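S.K.: this one's structure only:
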C-alpha cells in the first residue's frame, strides 16, 4: 500500500515534484527543526557555565578532560530533559497514520502533539525512553566537546 516503486533517485525526485509539489521535500521538517534549535541552545549555552561550576565547586582544572567530561554530561542532561518532549512529539508525528474514515492525521503541529499526548496519556508519556535518549545525547555531547577541546589544545600548542 505504501510502496511507490521508485526506479532511481532521479525518478524519486522527479515523481515527488510532479505528484506532491516541491514543498514535499520539506514536509515534516518543522518538528525536527524545533528540536534541533533547542538542542543547540541548551547544549552550547550551558557547557561553559558548567565548566566554570565544576572548576570552582569541585576544584577541577578548567578545560581539562575531566572538566569537559563532567560539564558535557551535565549539559547533555539539561538538553535531554528539555528536548525529550520535542523528540517524542517529532517521533509521533513522523510515524502517524491518517484516520481511515476521515483521512485526517491525528497530529498537526508540535505544540498540538505535545498537548494531545500530555492530555491523553499524561506528561510522563513525553519522557518515555528517557534513559536511552540521555545516553545517546550525553554520549554525543561528551564526545563532541572532548574532541573540540582536544582540537583547541592542539591548536594552542602547535600554532
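M.R.: Thanks, I have it. Only a predicted model underlies this, so the values are computations on that prediction, with no experimental measurement involved. Numbers count the residues shown, from 1 in each chain.
S.K.: What is the burial count for residue 13?
M.R.: 13 (other CB atoms under 10 Å). For the C-beta atoms, the positions are set from N, CA and C on the backbone; glycine is no exception.
S.K.: That one: helix or strand, and which one exactly?
M.R.: helix 9-20 (DSSP states H and E).
S.K.: Mean confidence (pLDDT) on that helix, please.
M.R.: Across helix 9-20, the average pLDDT comes to 93.
S.K.: just how off-centre is that helix within its chain?
M.R.: 28 Å (CA atoms, centre = their mean, to the nearest Å).
S.K.: after it, next one along is what?
M.R.: Later in the chain than helix 9-20, the nearest helix or strand by DSSP H and E is helix 29-57.
S.K.: Off-centre distance for stretch 6-26?
M.R.: 26 Å.
S.K.: Give the buried residues for it.
M.R.: Across stretch 6-26, burial judged by 16 or more other CB atoms under 10 Å covers residue 16.
S.K.: Quick one: end-to-end length of it, please.
M.R.: The first and last residues of stretch 6-26 sit 19 Å apart, counting by CA to CA, to the nearest Å.
S.K.: How about residues contacting it?
M.R.: 4, 27 (CB atoms under 8 Å, 6 or more residues apart in numbering).
S.K.: Return the distance of residue 79 relative to residue 11.
M.R.: 39 Å (CB to CB, to the nearest Å).
S.K.: ugh, wrong one, residue 123
M.R.: Residue 123 sits 45 Å away from residue 11, going by CB to CB.
S.K.: Please apply the same query to residue 129.
M.R.: Residue 129 is 36 Å from residue 11, by CB to CB.
S.K.: before we move on, what about residue 155?
M.R.: If you go by CB to CB, the gap between residue 155 and residue 11 works out to 46 Å.
S.K.: and what of residue 74?
M.R.: Distance, residue 74 to residue 11, by CB to CB: 48 Å.
S.K.: got it, and residue 136?
M.R.: 34 Å.
S.K.: pretty sure residue 31 is touching residue 93, no?
M.R.: Yes - counting by CB atoms under 8 Å, residue 93 is a contact partner of residue 31 at 5.2 Å.
S.K.: Can you check the pLDDT for residue 46?
M.R.: 95.
S.K.: for the one 5 residues further on, same thing?
M.R.: Taken from the predicted model, the pLDDT recorded for residue 51 is 97.
S.K.: show me the contacts for it.
M.R.: By CB under 8 Å, 6+ apart, the contact list for residue 51 reads 62, 63, 67, 68, 71.
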